[in-house]
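Novice: this is a predicted model, with the sequence first.
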Amino acid sequence: MSKHGRVLVAMSGGIDSTVAAMMMHEEGYEVIGITMKTWDYANSGGTQKETGCCSLDSINDARQVAVNLGFHHFIVDIREEFGDYVIDNFVDEYLAGRTPNPCVLCNTHIKWSSLLKRADALDCEFIATGHYAQLNTKNDRHYVTKAVDTHKDQSYVLWGLSQECMERSRFPLGTFTKPEVRKMAFDWGYEELSKKGESYEICFVPDNDYRGFLKRRVDGLEERVAGGNFVDGKGQVIGRHEGYPFYTIGQRKGLKVAFGKPMYVTEIQPESNTVVLGEVDALLRNGLTVGQVNMMKYAEVPDGLEVVTQIRYNSAGTLSSLRNVDDKIGVDFYANVKGVAPGQSAVFYEGDDVVGGGIIYRG
């Protein structure tokens, strides 16, 4: 009988999830490892060798750790549910002129759902992952708090977790730094793992070429969107572009048109295949509206609540206040913010605590 109960640990084969599993094992939990196969890169038509959490090498690495420590390990194929939701959303968002964040959707709608379902089937009270974040509870509300290692903190991508998910989750790495995690792997005899590099690409776009992925995924896309107009803030045509889905808010490089001064993508209009360009000041916004809201620390948003709003991963965030707007939240910045991109996540913090978050509806 285990000291703390049975925990299902998501194991990608990387250093973080592996050390998380070893830590839970050392703490006296009955560990069951699970590796989720989400994607075959060969299906995307890419040319690079498959790497990351879906590769055969990573799956074998995860299984070997389980064998060494003497706990069960399962491989679960979730490619169909992953593809139907995460990848279809990724494509649809770009075709709608927005910039998606597939890692948020994968974490909150696919991985946790899959983990909870398998945890129930295996009689596991808890699930654990290698995310750098902490969990807290106050006034019967469960919420995410930033990790001790601010350089690795992943609280931004976890804003969508439900109360049930957080109640049953464990983040053993939340109070450790990355160098400390590497040292733990080394001390446990995993020297090669302790030196393992990290991947920051989207798992199904490991060559980091989302434009190429869209072209391969959507038949005839290049022909459908070719030859649209670049316009300035007054609507005057100032050039031709290759198709609106291939541009993102704030983009300056790769426009392939000389303007004599730096110009940035400030708006995307998919209905007319138009991309609006402007100078850097045209990217500034004094607020935004957030939809698909998930509240963590509070059940509801008090009007005027002062928070720091973060609109992209690893940004410093901006002091702001929140207000209710029907089923959405309005965010008023205390200082103008550059590059608000519809489709990305906005996450609200009180100190290190995640108040909640949502998808940027408009800036």
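Specialist: Looks like it came in fine.
Novice: and the residue nearest to residue 115 when sequence neighbours are not counted, what are its bridge partners?
Specialist: Leaving aside its sequence neighbours, residue 115 sits nearest to residue 127 (Cβ to Cβ, 6 or more residues apart in numbering; 4.5 Å). For the C-beta atoms, the positions are set from N, CA and C on the backbone; glycine is no exception. Beta-bridge pairing of residue 127 under DSSP bridges involves residue 8, residue 169.
Novice: quick check: residue 127 touching residue 119?
Specialist: Yes: in this structure, residue 127 is within contact of residue 119 by Cβ atoms under 8 Å, at 5.2 Å.
Novice: shared neighbours of those two, which are they?
Specialist: Overlap of the contact sets of residue 127 and residue 119 (by Cβ atoms under 8 Å, 6 or more residues apart in numbering) consists of 8, 168.
Novice: quick one, what contacts the residue nearest the centre of the chain?
Specialist: In the chain, the residue lying closest to the centroid (Cα atoms, centre = their mean) is residue 103, at 2.9 Å. With Cβ under 8 Å, 6+ apart as the criterion, the residues that contact residue 103 are 157, 202.
Novice: helix or strand right after the helix or strand it falls within?
Specialist: Using DSSP states H and E, residue 103 falls within helix 102-105. For helix 102-105, the succeeding helix or strand toward the C-terminus, using DSSP H and E, is helix 112-121.
Novice: tell me the SS of residue 271?
Specialist: Three-state assignment for residue 271 (DSSP: H, G, I helix; E, B strand; the rest coil): helix.
Novice: give me the pLDDT value at it.
Specialist: For residue 271, the pLDDT comes out at 97.
Novice: equivalent analysis for residue 52, please.
Specialist: As predicted, residue 52 sits at a pLDDT of 51.
Novice: burial count for residue 119?
Specialist: 20 (other Cβ atoms under 10 Å).
Novice: not counting sequence-adjacent ones, nearest residue to it?
Specialist: residue 8 (4.4 Å).
Novice: from residue 19, how far off is the one you found?
Specialist: 16 Å (Cβ to Cβ, to the nearest Å).
Novice: more neighbours, these two?
Specialist: Shown here are residue 8 and residue 19; by other Cβ under 10 Å, residue 8 has more neighbours (28 against 25).
Novice: which of the residues in stretch 111-119 are buried?
Specialist: When neighbours are counted by 16 or more other Cβ atoms under 10 Å, the buried residues of stretch 111-119 are found to be 111-112, 114-116, 118-119.
Novice: which one of these is nearest residue 355?
Specialist: Of all these, residue 355 sits closest to residue 112, with 19.5 Å by Cβ to Cβ.
Novice: rewinding a little: just how off-centre is the helix holding residue 103 within its chain?
Specialist: 4 Å (Cα atoms, centre = their mean, to the nearest Å).
Novice: now swap in stretch 15-24 and tell me
Specialist: 20 Å.
Novice: export that stretch to CSV, keeping only CA atoms.
Specialist: Extracted in CSV, the C-alpha atoms of stretch 15-24 (Å, rounded to 0.1, in the frame of the first residue of the first chain):
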residue,chain,number,x,y,z
ILE,A,15,13.8,15.4,-18.4
ASP,A,16,11.0,17.3,-16.7
SER,A,17,8.3,14.7,-16.8
THR,A,18,10.8,12.0,-16.0
VAL,A,19,12.1,13.8,-12.9
ALA,A,20,8.4,14.5,-11.9
ALA,A,21,7.7,10.7,-12.0
MET,A,22,10.9,9.9,-10.0
MET,A,23,10.0,12.5,-7.4
MET,A,24,6.5,11.1,-6.9
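Novice: which outside residues touch it?
Specialist: 7, 9-11, 31, 33, 61-62, 65-66, 69, 71, 128-132, 170-173, 181-182, 184-185, 188, 190, 193-194, 196.
Novice: list the buried ones in the lengthiest helix in the chain?
Specialist: Taking DSSP state H as the assignment, the helix of the chain that covers the most residues is helix 56-69. Across helix 56-69, burial judged by 16+ other Cβ under 10 Å covers 58-59, 61-63, 65-66, 69.
Novice: now stretch 284-303
Specialist: 285, 287-291, 293-298, 301.
Novice: before we move on, what about stretch 130-144?
Specialist: Buried, per 16+ other Cβ under 10 Å, within stretch 130-144: 130-135, 142-144.
Novice: and if you look at stretch 72-81?
Specialist: Neighbour counts over stretch 72-81 (16+ other Cβ under 10 Å) mark 73, 78-79 as buried.
Novice: please flag which of those sit within helices.
Specialist: Cross-referencing these against helices under DSSP H gives residue 79.
Novice: who are the packing partners of the helix or strand containing residue 35?
Specialist: Using DSSP H and E, residue 35 sits in strand 30-37. Counting by 3 or more Cβ pairs under 8 Å, 6 or more residues apart in numbering; DSSP states H and E, the packing neighbours recorded for strand 30-37 are strand 6-10, helix 15-26, helix 56-69, strand 72-77, helix 112-121.
Novice: tabulate these (CSV), appending distance to residue 216.
Specialist: Converted to CSV, the helices and strands packed on strand 30-37 look like this (distance: least, Cβ to Cβ, whole Å):
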stretch, distance to residue 216
strand 6-10, 29
helix 15-26, 29
helix 56-69, 22
strand 72-77, 22
helix 112-121, 26
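Novice: which one of these lies nearest to residue 223?
Specialist: Using Cβ to Cβ, the helices and strands packed on strand 30-37 put strand 72-77 closest to residue 223, at 34.6 Å.
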